[in-house]
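[1] Give me the fold of what follows.
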Amino acid sequence: MATEVGRPEVHGNARNGAVAAALAGIVLAAVVAIALVALTAAAAVTGIVGPGALTSYGLPAMRAVAQSAAVLTVGSALFAAFLVPPEKTGYLGVGGYSALRGVTWFGGLWFLAAALMVPLTVADAIGRPVADVLDLDLLARAVPSLGAAEAWLLTAGVAGVVTAASRAVLSWGWTVPLLALAVGGLLPVALTGHSSAGGAHDLATNSLLFHLVAAALWVGGLAALIVHGRRQREHLGLATSRFSRLALVCWLTMAASGVINALVRVSLFDVLTSTYGLLVLGKVAALLVLGVVGYLQRERSVRAVVERADATSLLRLGSVEVLIMLATVGLAVALGRTPPPGGGARELSASELLLGYQLHGPPTLARMLFDWRFDLVYGTAALVAAVLYLAGVRRLRRRGHSWPVGRTVAWLAGCATVLLATSSGIGRYAPGMFSVHMAAHMMLSMLAPALLVLGGAITLALRALRPAGPDHPPGAREWLVAAVHSPVSRVLTHPIVALALFVGSFYALYFSGLFDWALTRHWAHLAMNGHFLLVGLLFYWPVIGIDPAPRRLPPLGRLGLVFASLPFHAFFGIILMGSATVIGLRFYAALGLPWVPDLLADQRLGGGLAWASGEIPLLVVLIALLVQWARADERAASREDRRADADGDADLTAYNAMLREMSEREQR
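    Next up is the predicted model:
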């Protein structure tokens, strides 16, 4: 038992053995990376001359250490957030606090390794020994011009914040943002490798995002289960069972995303005839072994833990799996140091270099509707959201409960809007034309959120998910309730904050130079789309949302908030239509689409779309508000009728008696 909040007793031998296994895995990852780089002569292939042995072999080794430590940091944060329950007071329990200490130690190692990667990356890029670049002035000039070095510097910053925050967190609610921040720290380096350049880099980058996040949750989750799970056997069975389900989803995600990413970079013929292809085959083989053998081992260990509280079997079986996983991390590092085959076989067009794919002509109506390029991030999210919603409706109906058809239609229409805005011809042409981009922007920020909040997904989830019960650890339903009522939700749904984010982001994005900077970065396109959708949901949720919100506005307050946003929105469109400066001029000029000879005219068309498109969401909001008010009046009248039936219409009788008494008094 803990003697104070969050301070567990330490089971020394078990914990030391598990930590030793994790550290051995990090060393193994570094050794594998060095060996494979030496065998494949990756540095010689890239044409880099003179960085020295320390850089040539130290860089892959330090990268393997950084990535392994990052994975273990993510796994420890996952364990604290979702694999073990907190105390009833909201503070972390023994297992959660132990996992946070793991975030501190592994996060610190991640920070140091990422910081060392900055000079190593600069030395590798300019072909000089690392000792020659250990100068602050030289690094300050070189890092901004090298995407990889800049990414490692950003990663070190995120790792440092995660490490420092882990020392201050004691409550369960803050472990979820800590986990999200740790996962976000994986992305900068991933988005500067082979997948971020060349043809089809949009598909390669999106698939790599799925692959990395799934790998971090899978590998890191299992390592955390072994390192931290032995401290408190009371909830070890729960943690093991939860992780086993998560691991299966992660393995399927890694398999699908890995195949897509490999096919983008290497053809089927080159798989067997190139070093890059052989490394891909090795990674696929390791993934298959881990998926099958690991699943069977976990199933046996789950039964052993649940039935006999036998944590020793979990450590014995899981440690081997973690070592294989971290060795695979080293293989992935070597893969990242090896250029894919056929890189110069065909000269890429400006469209393929900047967008990742070809545009086959002007954006006609037929191309807008049928020239699809599926967005792996938002297209997948839209389909998964629709399927989960329908599964929730089906669960309710199987229990004998009804669910309004209108809400289902609204949710599916919102998902379809997201799909069209990101994966149809609109999504295909949006990165290359400002006018189409603005149309997609309006769909994601104004139309899709209004439809989605009318679907009442949170209410559906609360009704479909079973409560954990007073004597059971919190589950998905309790997590959802905590998220809705969290301080972050209360702040973001405040009318002033929601309005500022909704209308202020238009001006901040397009008139500050941020949009020009983001045009050349695929991950920035993903971030923009996510921002549009998120701020729209935050704005419309308290206005017309069906779900319970942290702040409930009165009817006039809702209507006033909507009308308050209209002048800012209309003025934004007017500024674009009257502007004489082309936003994103350098990018659009380099793209050189022949059917867009006048970039300023295309921008003004986008401004007109922004100005006019506000009418459709306003109409949806007004109709929704009128319907909600009418139904509120009907419910109020129904409550009055039921109360009158229950008490014999006592209010009316009392009122009539008062009138009779007043009449008699006047007569007297």
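[2] okay, now the domains of this protein?
    Residue ranges for the domains of the chain, per automatic domain parsing: 12-336, 355-465+485-641.
[3] Looking at these, which is nearest to residue 474?
    domain 12-336 (5.7 Å; CB to CB). Glycine gets a C-beta too; all of them are placed from N, C-alpha and C.
[4] Can you get me a residue count around the closest residue to residue 185 other than its chain neighbours?
    Spatial nearest neighbour of residue 185, excluding adjacent residues (CB to CB, 6 or more residues apart in numbering): residue 158 at 3.6 Å. Residue 158 has 22 neighbours, counted by other CB atoms under 10 Å.
[5] Tell me which residues touch residue 158, please.
    Residue 158 is in contact with 181-182, 184-185, 188, counting by CB atoms under 8 Å, 6 or more residues apart in numbering.
[6] do residue 600 as well
    Counting by CB under 8 Å, 6+ apart, residue 600 touches 579-580, 582.
[7] Out of the residues you listed, grab the one that's most surrounded.
    Of all the contacts of residue 600, the most densely surrounded is residue 582 (18 neighbours; neighbours counted as other CB under 10 Å).
[8] Quick check, it in contact with residue 603.
    Yes - taking CB atoms under 8 Å as the definition, residue 582 is a contact partner of residue 603 at 5.9 Å.
[9] Could you export the domains of the chain to JSON lines, including columns for mean pLDDT?
    Putting the domains of the chain into JSON lines (pLDDT from 0 to 100) gives the following:
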{"stretch": "domain 12-336", "mean pLDDT": "73"}
{"stretch": "domain 355-465+485-641", "mean pLDDT": "86"}
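[10] As JSON lines, those with distance to residue 473 would be great.
    Below are the domains of the chain laid out as JSON lines (distance: least, CB to CB, whole Å):
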{"stretch": "domain 12-336", "distance to residue 473": "3"}
{"stretch": "domain 355-465+485-641", "distance to residue 473": "14"}
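[11] For residue 600, see how far away the nearest residue to residue 438 once chain neighbours are set aside is.
    Closest residue to residue 438 apart from its sequence neighbours, by CB to CB, 6+ apart: residue 606 at 3.6 Å. Per CB to CB, to the nearest Å, residue 606 is found 11 Å from residue 600.
[12] isn't residue 203 right up against residue 379?
    No - counting by CB under 8 Å, residue 203 sits too far from residue 379 to count as a contact (11.2 Å).
[13] hmm, back to that, okay, buried residues for the helix or strand that contains the residue nearest to residue 185 please.
    Using DSSP states H and E, residue 158 sits in helix 147-168. For helix 147-168, the neighbour count (16 or more other CB atoms under 10 Å) marks 147-156, 158-163, 165-166 as buried.
[14] rewinding a little: most tightly surrounded among the domains of the chain?
    domain 12-336 (a mean of 20; mean count of other CB atoms under 10 Å).
[15] pretty sure residue 572 contacts residue 608?
    No - counting by CB under 8 Å, residue 572 does not reach residue 608; the two are 11.6 Å apart.
[16] Which SSE is immediately downstream of whichever strand or helix holds residue 450?
    Assigned by DSSP H and E, residue 450 belongs to helix 448-454. Elements were assigned by DSSP H and E; along the chain past helix 448-454, the next helix or strand is helix 457-464.
[17] Pull the residues that contact the helix or strand that that next one is followed by.
    For helix 457-464, the following helix or strand on the C-terminal side (DSSP H and E) is helix 476-484. Here helix 476-484 makes contact (CB under 8 Å, 6+ apart) with 82, 172-173, 176, 458, 461-462, 465-468, 474, 489, 547-550.
[18] let's see 6 Å
    By CB atoms under 6 Å, 6 or more residues apart in numbering, the surrounding residues in contact with helix 476-484 are 461, 465, 467-468.
[19] between those, which is nearest residue 625?
    Nearest to residue 625 among the contacts of helix 476-484: residue 461, at 24.1 Å, using CB to CB.
[20] show me the contacts for the closest one.
    Residue 461 makes contact with residue 480 under the criterion CB under 6 Å, 6+ apart.
[21] any idea how far the nearest residue to residue 121 once chain neighbours are set aside lies from residue 141?
    In space, and not counting its chain neighbours, residue 121 is closest to residue 149: 4.3 Å by CB to CB, 6+ apart. Distance, residue 149 to residue 141, using CB to CB: 11 Å.
[22] With residue 570 instead?
    Per CB to CB, residue 570 is found 45 Å from residue 141.
[23] if we can go back for a sec, what packs against the next helix or strand after the helix holding residue 158?
    Downstream of helix 147-168, the next assigned helix or strand under DSSP H and E is helix 175-184. When contacts are defined as 3 or more CB pairs under 6 Å, 6 or more residues apart in numbering; DSSP states H and E, helix 175-184 packs onto helix 53-78, helix 147-168.
[24] How far away from the center of its chain is the longest one?
    What it means is helix 53-78. When C-alpha coordinates are averaged (CA atoms, centre = their mean, to the nearest Å), helix 53-78 and its chain have centres 22 Å apart.
[25] between that helix and helix 175-184, how many degrees?
    Between helix 53-78 and helix 175-184, the angle comes out at 160 degrees (axes from the mean of the first three to the mean of the last three CA atoms, to 10 degrees).
[26] which residues does residue 202 contact?
    Residues in contact with residue 202, defined by CB under 6 Å, 6+ apart, are 356, 522.
[27] nope, residue 439 is what I was after
    So residue 439 contacts residue 609 (CB under 6 Å, 6+ apart).
[28] repeat for the one 5 residues further on
    For residue 444, the set of contacting residues under the criterion of CB under 6 Å, 6+ apart consists of 421, 529, 532-533.
[29] coming back round to it: how far away from the center of its chain is the helix holding residue 158?
    The answer for helix 147-168 is 18 Å, by CA atoms, centre = their mean.
[30] between it and helix 53-78, how many degrees?
    Counting by the same axes, to 10 degrees, helix 147-168 points 40 degrees away from the direction of helix 53-78.
[31] thought residue 518 was touching residue 527?
    No - counting by CB atoms under 6 Å, residue 527 is not a contact partner of residue 518; they are 7.6 Å apart.
[32] Let me know the closest of the contacts of helix 476-484 to residue 522.
    residue 461 (31.9 Å).
[33] Helices of the stretch 351-500 of the chain, residue ranges please.
    Ranges of helices in the stretch 351-500 of the chain, per DSSP state H, counting those that start in this stretch, are 365-370, 378-398, 405-423, 425-429, 434-442, 448-454, 457-464, 476-484, 487-492, 495-510.
[34] roughly how far is the second one from the heart of the chain?
    Remark: helix 378-398 is offset 18 Å from the chain centroid, using CA atoms, centre = their mean.
[35] Equivalent analysis for stretch 108-121, please.
    Remark: stretch 108-121 is offset 24 Å from the chain centroid, using CA atoms, centre = their mean.
[36] re the thing from before, with only the CA atoms kept, save the helix holding residue 158 in PDB.
    Backbone C-alpha positions of helix 147-168 (Å, rounded to 0.1, in the frame of the first residue of the first chain) are rendered in PDB as follows:
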ATOM      1  CA  GLY A 147      15.000  19.800 -42.100                       C
ATOM      2  CA  ALA A 148      16.300  16.700 -40.300                       C
ATOM      3  CA  ALA A 149      18.400  18.700 -37.800                       C
ATOM      4  CA  GLU A 150      15.500  21.100 -37.200                       C
ATOM      5  CA  ALA A 151      13.200  18.100 -36.600                       C
ATOM      6  CA  TRP A 152      15.600  16.600 -34.100                       C
ATOM      7  CA  LEU A 153      15.800  20.000 -32.300                       C
ATOM      8  CA  LEU A 154      12.000  20.200 -32.100                       C
ATOM      9  CA  THR A 155      11.900  16.600 -30.900                       C
ATOM     10  CA  ALA A 156      14.400  17.400 -28.100                       C
ATOM     11  CA  GLY A 157      12.200  20.300 -27.000                       C
ATOM     12  CA  VAL A 158       9.100  18.100 -26.900                       C
ATOM     13  CA  ALA A 159      11.000  15.400 -25.000                       C
ATOM     14  CA  GLY A 160      12.300  17.900 -22.500                       C
ATOM     15  CA  VAL A 161       8.700  19.300 -21.900                       C
ATOM     16  CA  VAL A 162       7.400  15.700 -21.400                       C
ATOM     17  CA  THR A 163      10.200  14.900 -19.000                       C
ATOM     18  CA  ALA A 164       9.600  18.000 -16.900                       C
ATOM     19  CA  ALA A 165       5.800  17.700 -16.900                       C
ATOM     20  CA  SER A 166       6.000  14.100 -15.700                       C
ATOM     21  CA  ARG A 167       7.600  15.300 -12.500                       C
ATOM     22  CA  ALA A 168       4.600  17.600 -11.800                       C
END
